[in-house]
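Asker: build me a structure from this.
(chains A and B)
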Number of protein chains: 2
Amino acid sequence: MTVKNAFYAQSGGVTSVINASACGVIETARSHPEKIGKVYAGRNGIIGALQEDLIDTSLESAASISALKHTPSGAFGSCRYKLKGLDTHRAQYERLIEVFMAHDIGYFFYNGGGDSADTCLKVSQLSSTLGYPITAAHVPKTVDNDLPITDCCPGFGSVAKYIAISVKEASFDVASMAKTSTRLFVIEVMGRHAGWIAAAGGLASTPDCELPIVILFPEIPFNEEKFLSKVDEKVKHHGYCSVVVSEGVQDSQGQFLSDQGLKDAFGHAQLGGVAPIIANLCRERLGHKYHWAVADYLQRAARHIASKTDVDQAYAVGCAAVDLALSGRNSVMPTIMRKSDDPYSWGIGVAELKDVANVEKKMPANFISEDGFGITEACRRYLQPLIGGEDYPPYRNGLPDYVRLRNVAVAKKLDGEFQI
Amino acid sequence: MTVKNAFYAQSGGVTSVINASACGVIETARSHPEKIGKVYAGRNGIIGALQEDLIDTSLESAASISALKHTPSGAFGSCRYKLKGLDTHRAQYERLIEVFMAHDIGYFFYNGGGDSADTCLKVSQLSSTLGYPITAAHVPKTVDNDLPITDCCPGFGSVAKYIAISVKEASFDVASMAKTSTRLFVIEVMGRHAGWIAAAGGLASTPDCELPIVILFPEIPFNEEKFLSKVDEKVKHHGYCSVVVSEGVQDSQGQFLSDQGLKDAFGHAQLGGVAPIIANLCRERLGHKYHWAVADYLQRAARHIASKTDVDQAYAVGCAAVDLALSGRNSVMPTIMRKSDDPYSWGIGVAELKDVANVEKKMPANFISEDGFGITEACRRYLQPLIGGEDYPPYRNGLPDYVRLRNVAVAKKLDGEFQI
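Answerer: Presented below is the predicted three-dimensional model:
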């Protein structure tokens, strides 16, 4: 077998564990010097390949690569950029081949979600479409948990853990204040199209420590009266209530609640978030003093409280992608296969990329309780193991000791610039 | 010495470590059965005393009391309620004495901030004003870090750690996305009157891991042009920028930026938070895609990543308050005395309550950098040790195992209700 270099890149919204996958890819590649030469990382995803902006990961120490496992974000930069069709954008593909040839790249590992799987699929077809021999594997990643076939998506478990913990902590806080002050806490979470992350807020309430939580899912059209009545019921029974609202919650006409067409004092469109809207509504109609939070990037960057299960799985799919490629599998994605819920056990499977790209996995209908404001036992059984275990990063002077790589560029071999 | 019961209560906004102080008070009281009988906790602060709603903490196991040390929020309920003056509200004080006599209470421990210190001061004067013998000590607590005399306030260090870590994590995230997407991250933090918490965001950037951070302090009137120019400079140099904005930031007329008089689609006043306003401004004027977060209660409830220094100090002031009372000191508050910055060392001092109540400690002017958007070395030297060390709670099924006490009420001995 001839030795070929590998290309690895990160795509789409980053997570607290995508670098753990990078670590898995690079460490596994390094352990096969007889087959893989260097791992070149694309600076800012596929753009790095198109613009011949490659990072030589061989210049990073083993300690630095290992530290990726506890470092959030995308160490090589990510991008929101999807390859267009070969028929309309042939020049893009010819450019990729030009760059791959110039740097003797025979392996392609792309780390991302559904859109990125589509890009990876297109690259994996370069052998058949344009005659350039390449082996491509997709490394799954998305906090949205919406990739098909795989039981879960690396990145999601840590967000779920962060949200579950935050809802528990804030609920304890509100409970303390409810007698004379705040009775309602609203937290806005990510998930524009699916309620996976919102559902994780439901994990905060457990049989041994029940908490009054109302969830607003993007799957359930917002019904003001039913919602207010549910909050009222919780406050009357518990003295307080926490509301977990998905950024994607919509009214009965399919309009995002957050999209209110407001202007602020500077005259700018006010993209306000839905948490304050829900909070204001409850105050006006029910009279409760409130607090609200918007977790935004904090939830997906929170490596300090990542799920150990998630870190392990992110690392494992990185390793598995390289193993699959070395065994000659092209156009595939390693998956997480659940073997049992409790005790939780899992293994690595494999999916064909054509079955993954552009397919969105929805949350099963039986994961949302009948009233539309909570999670079912089936949902809890599914989610519970994904937040299992802690995997703390090392600390220095009170802060997590996250690594920043040197990210030394590979010398360019091609003339000219490629416009993206 | 005769044995007397003790009263303990929590007041004002709760924190992730106020229960560690409760633990210190109760454990120390339990170790002196020759002087202190039972510790009765006020349900919802001083309201519990006024309404004779007392909790018998002797019914809680040693393990439960110990678990308070790792449980955020106020385990007995807090309140926002300040005793009025004796001259105008004599009935309140007579009621307190009535309840204290009925339950043989000779010690009073009140755990809170500046307003609560005032309440504690008034109770400590009951011996001289109304002839009821009581020994009162205040246990300092406030995330605002604005109590005088003490070097810092238990509760603040953990918020500071949470904000510093969150800003570091989110900055890593934005850095990854900046090439094709988000270039600006804005996080809104607590501190309506002082910039202590905003300043903690500056700790995220360290000499070995510099991050582009712009801080908007409540102490510095908002100057739109200077601010935009500073953000522009950071984005041009680093490719991205994080903004830490205090909820209390004001314009040159002293108006809160967050107070915009907007109405939402329901026709309700929109209490929007300042983060989206700052983010929108940067997008309109500089063209950057942004994300924004509002940490709100998450920051003060985040026991999962509390500062060990803060937990230790919160516990220590609880113990010290009891020790002071037992040594006959009335109307005092244990303080944190800093002995050295690096290596950090501290001890417990004592302040007279009359010097504490209603006095607000401002952030020193030399803690804010000359341009008004960052922290100085003096500020860093002060803040750094307060976020030092981790003190993780135990976990069960992926969630922190926080304790909920039984909170059994003491049988009432008085007739009638007291209206607050």
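Asker: is the longest helix belonging to chain A positioned near chain B?
Answerer: The helix that spans the most residues within chain A, counting by DSSP state H, is helix A:156-177. Yes - counting by CB under 8 Å from any CB of the partner chain, chain B has neighbours in helix A:156-177: A:161, A:164-166, A:168-170, A:172-177. Placement of C-beta: from N, CA and C, glycine included.
Asker: how about the residues you listed in CSV, adding pLDDT?
Answerer: Output for the residues of helix A:156-177 next to chain B, formatted as CSV (pLDDT from 0 to 100):
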residue, pLDDT
A:Lys161, 98
A:Ala164, 98
A:Ile165, 98
A:Ser166, 98
A:Lys168, 98
A:Glu169, 98
A:Ala170, 98
A:Phe172, 98
A:Asp173, 98
A:Val174, 98
A:Ala175, 98
A:Ser176, 97
A:Met177, 95
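Asker: tabulate those residues (CSV), appending neighbour count and distance to B:Asp341.
Answerer: As requested, the residues of helix A:156-177 next to chain B are exported to CSV (neighbours: other CB atoms under 10 Å in any protein chain shown; distance: CB to CB, whole Å):
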residue, neighbour count, distance to B:Asp341
A:Lys161, 31, 35
A:Ala164, 29, 37
A:Ile165, 27, 32
A:Ser166, 29, 32
A:Lys168, 26, 35
A:Glu169, 25, 30
A:Ala170, 29, 33
A:Phe172, 27, 33
A:Asp173, 30, 31
A:Val174, 27, 36
A:Ala175, 26, 37
A:Ser176, 28, 33
A:Met177, 26, 35
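Asker: can you get me a residue count around A:Gln313?
Answerer: 29 (other CB atoms under 10 Å in any protein chain shown).
Asker: that one is in contact with A:Pro334, isn't it?
Answerer: No - A:Gln313 is not in contact with A:Pro334 according to CB atoms under 8 Å; the separation is 9.8 Å.
Asker: show me where chain A has its helices.
Answerer: So, for chain A - with DSSP H - the helices run A:18-30, A:46-50, A:62-67, A:90-102, A:114-124, A:126-130, A:156-177, A:196-201, A:224-238, A:275-286, A:297-301, A:308-326, A:377-383.
Asker: adding distance to A:Val359, write those helices out as a markdown table.
Answerer: Shown next, in a markdown table, are those (distance: least, CB to CB, whole Å):
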| stretch | distance to A:Val359 |
| --- | --- |
| helix A:18-30 | 20 |
| helix A:46-50 | 20 |
| helix A:62-67 | 32 |
| helix A:90-102 | 23 |
| helix A:114-124 | 7 |
| helix A:126-130 | 21 |
| helix A:156-177 | 16 |
| helix A:196-201 | 16 |
| helix A:224-238 | 32 |
| helix A:275-286 | 31 |
| helix A:297-301 | 22 |
| helix A:308-326 | 18 |
| helix A:377-383 | 19 |
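Asker: how about the ones you listed, which one is nearest A:Asp371?
Answerer: helix A:224-238 (6.8 Å; CB to CB).
Asker: outside of that closest one, which residues touch it?
Answerer: Counting by CB atoms under 8 Å, 6 or more residues apart in numbering or on different chains, helix A:224-238 makes contact with A:175, A:183-184, A:211-214, A:216, A:240-241, A:243, A:281-282, A:285-286, A:288, A:371-373, all of which sit outside it.
Asker: show the buried residues in these.
Answerer: A:175, A:183-184, A:211-214, A:216, A:240-241, A:243, A:281-282, A:285-286, A:288, A:372-373 (16 or more other CB atoms under 10 Å in any protein chain shown).
Asker: filter the residues you listed down to the ones in strands?
Answerer: Judged by DSSP state E, the subset of the buried ones among the contacts of helix A:224-238 located in strands is A:Leu184, A:Ile213, A:Val214, A:Leu216, A:Cys241, A:Val243.
Asker: ok, which pair from those is furthest apart?
Answerer: A:Leu184 and A:Leu216 (13.2 Å).
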